[in-house]
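**Q** How does the following fold in three dimensions:
(chains A and B)
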Amino acid sequence: MSLSSDDVAKIAHLARLDMPSDKAEALGRELSSILDLVAQMDAVDTSGVTPMAHPLEVVQRLRDDAVTEQDNRDRYQAGGPAVENGLYLVPKVIE
Amino acid sequence: MQWETVIGLEIHTQLATKSKIFSGSSTAFGAEPNTQAALIDLGMPGVLPVLNRDAVRMAVRFGKAIDARVAERSVFARKNYFYPDLPKGYQISQYELPVVGEGSVEIVLDDGDVKTIGVTRAHLEEDAGKSLHEDFHGMTGIDLNRAGTPLLEIVSEPDMRSAKEAVAYAKKIHQIVTYIGICDGNMQEGSFRVDANVSIRPKGQAEFGTRAELKNINSFRFLEKAINFEIERQIEVIEDGGKVVQETRLYDAAKDETRSMRTKEEANDYRYFPDPDLLPLEIDEAFIADVMATMPELPDARLARFQSDYGLSTYDADVLTASRPLADYFEAVAEIGGDAKLAANWVMGELAAALNRDGIDIDASPVDAEAFGQLVARIHDNTISGKIGKEVFAAMWAGEGSADAVIAAKGLKQITDTGAIEALVDAVLAANPVQVENYRNADPAKQPKMIGFFVGQIMKQSQGKANPQQVNELLRKKLS
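**A** Residues are numbered from 1 along each chain as shown, chains lettered A, B, ... in the order given. The predicted structure is shown next:
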C-alpha cells in the first residue's frame, strides 16, 4: 500500500493538520507502512467473528433523565479567546 | 419526456427528555446562550458521556409504534467533521447498528388509496449547537445550548413519488411521535426537522437519478413547495442537457426556491468508527415490555375504534384523531355528553371554530372537555336547542361559567311543556290568519317550506327557547 502525496494532503486536511508540503513524501511512506500492517491483519480469515464494538465485555449503563448541571457559563467562557453576548465567537464559517 | 420523482425523507426529531442525551444539562428551549452547555457538551477533555435512559426508551417506543425490529444490541459511532457548533470534532451517532431497524407506516393518498412507506432505520444521536451568522465583527457566534440534545433520526426508504406523498408521510411521522409523546413536534423551534432527498428519472427507468438533499424546511407547506421547486429545477437542468449534481440545497421560503449551499466545508468524509467512550447498548425483553406498558393507543388504531365504537364517519374519525389532545378531548366530551355523534359535531364545529378564530391550541381551550361535555349533555337531553347551545357556548368561552350556570343566568332553558308551546302556536296562528289561509290552500309539496314561517315566528316569540321538534309537530297538527 502506497499513499500518494495527495492522499497525505487530504488526510492532513481532514484532521485539520497544517502539514508542510515538503513533508508529504516522508509522511506518506510512514503512513503506508502502518497500512501495510493493517493489510497483514486483513489477510486473516475473520468470517464468523462478530465485529468488536468495544474491548470490554460489558454493556452501556444508563443514567436517569434528570438535570444535574448548573449554569457555569462565566467560568467556561473565561478561557475562550472571543466571547460576546454569551456567545463564543469563531472565524466566519459561511461565505 | 415523462419524469418520475423519487423522494426519501430524513426526519430529525428532538426527543422530549429533560436532560441531554449524554450529559445532565437541561434541554429547555429558549434559554440564554450557553447557559445549558456543560463540560461534556463543550467537548472538554477528560469527560465521559453517559447515556440517558429515557432517550433509549423513546427510541424503543417509536420502533414499536412503526412495527420495526428493536435492536437487541446497538452501537454508538463517531461521525467526524469539523464545524464550530460541534465542539468535539465529531457527532456521536449510530451507524452500522442503529437502535431501530426496518419498519413502515401507512399514508392515505388524495384518492383515498393507502400506500405503505418503508422506514429504513431510526437511530439515536446528539444534536449540534447553533451558529449565528449575523455580523459579530466578521465572526460567527456559537450557542451550544442545543449541543447534545437527543435526536432520533428517522430515515425513510425512497418510496415517495410526489411532494404530496412526502408531506403525507412527514405528517404521519409527526402524528406518531407526538401521539407517543417522544417529541413536541414544534417545527418552528426545530424540534421536528425534515430533510428531503429528491431526484428524478425517466418514467419506467429502474435506476435512481442523482439526488439533491433539501434542508432548512420548517413547515409542511414549505416541504411541499421546496420539493416541487426542486423537481422543476432538476427537469430543467436535464432537459437543457445538463446534469444534476449531488449536493445540499437550502430552501429559501421568501424566494420560494432552493439554492446550493456553499460552505467552506469539504465533500463529506465522515470516517465513522465505534465510539470507544460508549459501550454497546443492549435492550432486553424486560426493557421493551416496560416501555410497552405505557404505550398509548396509536393513531391508526384509534381512528378505527372511533368508527366502530362511536359510529363516526371516516372523515370525522380522521379529523378527531389528528392529534392526541384533540382525540382525548373528544372522548371526554362524548362520555359526558352522552352522544358521540353530537359530541363530534360540536367539537369539530363550534369548538374548532372558536379555537381557530382565537389561535388557541386545544390544550389551552378556555372551555375544558368536562365543561364542553356538559354543554353537549344539555343539548342531548333537550334542556336547550342546538341554536341556544351556540349562545351558551359563546358565554362559556367568554368565561361566564358552566353550561348550567349560563342557562340558568340567562333563562335559556328550552320550553318543552306542551301546554306552553301550544299557547305560543295558537297565538301565532291567530295573529297571522292570511298566512294560515294561504298555507291551507297551497300545493302540499310546498307546505313543508311554508311551515318555516310559523316556526320562525314562534321561535321569535319564545326567544329561541321553544323545542323545535314539538313546535313542528303541533303546527302540522293544527294546520292540517
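**Q** Tell me the secondary structure at the residue nearest to B:G181 when sequence neighbours are not counted.
**A** Excluding its sequence neighbours, the residue lying closest to B:G181 (CB to CB, 6 or more residues apart in numbering or on different chains) is B:A16, at 6.7 Å. Where C-beta positions appear, they are placed from N, C-alpha and C, glycine not excepted. Three-state assignment for B:A16 (DSSP: H, G, I helix; E, B strand; the rest coil): coil.
**Q** Quick one: residues contacting B:A16.
**A** B:M58, B:G181, B:I182, B:C183, B:D184 (CB atoms under 8 Å, 6 or more residues apart in numbering or on different chains).
**Q** change it to 6 Å
**A** For B:A16, the contacting residues are B:I182, B:C183, B:D184, by CB atoms under 6 Å, 6 or more residues apart in numbering or on different chains.
**Q** ditto for B:E230
**A** Applying CB under 6 Å, 6+ apart, the residues near B:E230 are B:V198, B:L214, B:T258.
**Q** again with A:M19
**A** With CB under 6 Å, 6+ apart, A:M19 has these contacts: A:A12.
**Q** do B:N34 as well
**A** Taking CB under 6 Å, 6+ apart as the criterion, B:N34 is in contact with A:R73, A:G86, B:D143, B:L144.
**Q** Name the nearest residue to the third one, sequence neighbours excluded.
**A** If you skip the residues right next to it in sequence, B:D143 has B:P33 as its closest partner in space, 4.0 Å away by CB to CB, 6+ apart.
**Q** Around that neighbour, how many other residues sit close by?
**A** 22 (other CB atoms under 10 Å in any protein chain shown).
**Q** Equivalent analysis for the one 3 residues further on, please.
**A** Look at B:Q36: counted by other CB under 10 Å, it has 27 neighbours.
**Q** what does B:T210 give?
**A** 15.
**Q** cool, B:F453 as well?
**A** 14.
**Q** can you pull out the strands in chain A?
**A** A:62-63, A:83-84, A:87-91 (DSSP state E).
**Q** partners of the closest residue to B:H137 other than its chain neighbours in the sheet?
**A** Leaving aside its chain neighbours, B:H137 sits nearest to A:L89 (7.9 Å; criterion: CB to CB, 6+ apart). Beta-bridge partners of A:L89, counted by DSSP bridges, are B:G141.
**Q** Please narrow the contacts of B:E230 to those residing in strands.
**A** B:V198, B:L214, B:T258.
**Q** Compare those and tell me which is most surrounded.
**A** Counting by other CB under 10 Å, top hit in those: B:V198 with 29 neighbours.
**Q** Mind telling me what element B:E335 is part of?
**A** In the assignment (DSSP states H and E), B:E335 maps to helix B:324-337.
**Q** cool, B:A31 as well?
**A** B:A31 belongs to no helix or strand, assigned by DSSP H and E.
**Q** nearest to chain A, of the contacts of B:A16?
**A** Nearest to chain A among those: B:I182, at 12.2 Å, using CB to the nearest CB.
**Q** What number of residues are in the vicinity of that closest one?
**A** B:I182: 25 neighbours (other CB under 10 Å).
**Q** and the gap between B:E437 and B:E473?
**A** Applying CB to CB, to the nearest Å, the value for B:E437 to B:E473 is 22 Å.
**Q** One more: B:S385?
**A** Taking CB to CB, one finds B:S385 at 15 Å from B:E473.
**Q** Look at those two and report which has more neighbours.
**A** Using other CB under 10 Å, the more surrounded residue of B:S385 and B:E473 is B:S385, with 21 against 14.
**Q** so what's the more buried one up against?
**A** Per CB under 6 Å, 6+ apart, neighbours of B:S385: B:Q414, B:P468.
**Q** what about the closest residue in space to B:F29 that isn't next to it in sequence, which SS state?
**A** Nearest residue to B:F29 in three dimensions, chain neighbours excluded: B:E189, at 5.4 Å (CB to CB, 6+ apart). Three-state assignment for B:E189 (three-state DSSP): coil.
**Q** just the one 4 residues further on next, same as before
**A** Under three-state DSSP, the three-state class of B:R193 is strand.
**Q** Now for it: which residues touch it?
**A** B:H12.
**Q** run the last query once more with 10 Å
**A** Going by CB atoms under 10 Å, 6 or more residues apart in numbering or on different chains, B:R193 touches B:10-14, B:127, B:151, B:153, B:187, B:215-218.
**Q** Which parts of the stretch 351-480 of chain B are helices?
**A** Assigned by DSSP state H, counting those that start in this stretch, the helices in the stretch 351-480 of chain B fall at B:352-358, B:369-380, B:386-397, B:403-410, B:418-431, B:433-441, B:447-461, B:468-479.
**Q** Then chain A?
**A** Ranges of helices in chain A, per DSSP state H, are A:5-14, A:24-42, A:73-77.
**Q** so which of these comes closest to chain B?
**A** helix A:73-77 (5.0 Å).
**Q** and the closest one, which residues are buried?
**A** A:R73, A:Y76, A:Q77 (16 or more other CB atoms under 10 Å in any protein chain shown).
**Q** So which of these reach chain B?
**A** Filtering the buried residues of helix A:73-77 for proximity to chain B by CB under 10 Å from any CB of the partner chain leaves A:R73, A:Y76, A:Q77.
**Q** could I get the residues you listed as CSV with distance to B:Y272 and pLDDT?
**A** Putting those into CSV (distance: CB to CB, whole Å; pLDDT from 0 to 100) gives the following:
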residue, distance to B:Y272, pLDDT
A:R73, 32, 96
A:Y76, 29, 95
A:Q77, 32, 95
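**Q** So for chain A, the centremost residue is which one?
**A** Centroid-nearest residue in chain A: A:A15, 6.6 Å away (criterion: CA atoms, centre = their mean).
**Q** doesn't B:F82 make contact with that one?
**A** Yes. With contact defined as CB atoms under 10 Å, A:A15 counts as touching B:F82 (9.1 Å).
**Q** Now the common contact residues for these two.
**A** Common neighbours of A:A15 and B:F82 (CB under 10 Å, 6+ apart) are B:G89.
**Q** Can you find the helix or strand in chain A with the smallest mean pLDDT?
**A** helix A:5-14 (a mean of 88; mean pLDDT, DSSP states H and E).
**Q** other SSEs contacting that one?
**A** helix A:24-42 (3 or more CB pairs under 10 Å, 6 or more residues apart in numbering or on different chains; DSSP states H and E).
**Q** Could you tell me the per-residue confidence at the nearest residue in space to B:D381 that is not next to it in sequence?
**A** In this structure, B:D381 finds its nearest non-sequential neighbour in B:G338, 7.5 Å apart by CB to CB, 6+ apart. We have a pLDDT of 94 for B:G338.
**Q** which residues sit in contact with residue 51?
**A** Unless you meant another one, I'm taking chain A. Counting by CB under 10 Å, 6+ apart, A:P51 has contacts B:V75, B:E96, B:L97, B:P274.
**Q** my question was about chain B
**A** By CB under 10 Å, 6+ apart, the neighbours of B:L51 are A:60-63, B:21-22, B:76, B:92, B:124, B:150, B:278-279, B:281.
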